[in-house]
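Chemist: show me how the following folds:
(one chain, ligands or ions: 2)
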Amino acid sequence: MIYNVAQLLKEGVGASRRRTISGDLRDIDALNPGVTHVEGELLFVRTPKGILVTGNAQMNIQQICRRCLEPMATEVEFEIEEEFIPSIDIDTGATLPITDEDEPELIIDEHHMLDMSEVLRQYVIVAGTSPGLCRSDCEGLCPICGKNLNLEPCGCQRDVIDPRLSALAQLLDQPDQE
Ligand SMILES: [Zn+2]
Ligand SMILES: [Zn+2]
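Modeler: Ligands and ions are numbered 1, 2, ... in the order given. Take a look at the predicted model:
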């Protein structure tokens with residue numbers, strides 16, 4: 001997922017290229033060791049400062065169900081928008097100043113190579129912080145004994161109504177008054 005952008009950097013502001021993403025990310029996190037394949041579409045646009053990259057990407061990753069905490073396979077999809085800046089002036093070959101505010105993963109290297117992999121990894125990690133459910137009717141964990149209720153019922157008395165809610169339950173139980 002490394003793109004040579006030398007030609008695009010030489011062109012005027014507004015010049016653009018379409019590029020596809022088809023590659024592998026390595027060792028995203030503890031749940032996703034090894035190789036994770038990623039696919040997507042990108043648009044590179046020359047800006048006064050560098051190259052704006054927009055587009056989208058999809059991949060299948062392992063996440064933890066937020067209700068039962070079991071690992072599950074999920075397809076994540078996200079929109080990308082990042083501006084990369086060159087480290088070398090394409091016309092003069094001079095080194096360009098990089099400040100502390102410049103994110104290292106958004107710097108185009110001295111060979112005019114733009115590397116998407118670290119950016120994609122960060123998007124996946126952000127997407128992974130709001131996991132869904134392993135299935136829409138996931139039973140979750142018993143709040144008393146901690147058992148995964150998708151596997152087997154546990155026999156705990158969980159239908160005891162919280163005393164703070166019992167007044168409300170009584171109200172709701174009252175027949176309609178006509
Ligand atoms: Zn679940
Ligand atoms: Zn239980």
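
Chemist: show me the chain divided up by domain.
Modeler: Domain assignment for the chain by automatic domain parsing gives 2-127, 139-178.

Chemist: most packed of those domains?
Modeler: Neighbour counts (mean count of other C-beta atoms under 10 Å) averaged over each of the domains of the chain peak at domain 2-127, with a mean of 15. C-beta: built from backbone N, CA, C; applies to glycine.

Chemist: thinking again about what came up before, turn the domains of the chain into CSV, columns for mean pLDDT.
Modeler: Formatted as CSV, the domains of the chain follow (pLDDT from 0 to 100):
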stretch, mean pLDDT
domain 2-127, 94
domain 139-178, 77
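
Chemist: right, and these - which one's nearest ligand 1?
Modeler: Nearest to ligand 1 among the domains of the chain is domain 2-127 (3.1 Å), distances taken as C-beta to the ion.

Chemist: residues in contact with the closest residue to residue 69 other than its chain neighbours?
Modeler: Excluding its sequence neighbours, the residue lying closest to residue 69 (C-beta to C-beta, 6 or more residues apart in numbering) is residue 141, at 6.7 Å. Residues counted as contacts of residue 141 (C-beta atoms under 8 Å, 6 or more residues apart in numbering) are 67-69, 147-149.

Chemist: cutoff 7 Å now
Modeler: 68-69, 147-149 (C-beta atoms under 7 Å, 6 or more residues apart in numbering).

Chemist: of those, which are in range of ligand 1?
Modeler: Among these, proximity to ligand 1 is found for residue 68 (C-beta under 5 Å from the ion).

Chemist: just the helices from this structure, written as ranges.
Modeler: Taking DSSP state H as the test, the helices found in the chain are 6-10, 117-127, 163-173.

Chemist: the spatially closest residue to residue 147 that is not a sequence neighbour and residue 65, how far apart?
Modeler: Distances taken as C-beta to C-beta, 6+ apart place residue 154 nearest to residue 147, at 4.3 Å, with adjacent residues excluded. Distance of residue 154 to residue 65, computed by C-beta to C-beta, to the nearest Å: 18 Å.

Chemist: swap in residue 146?
Modeler: 15 Å.
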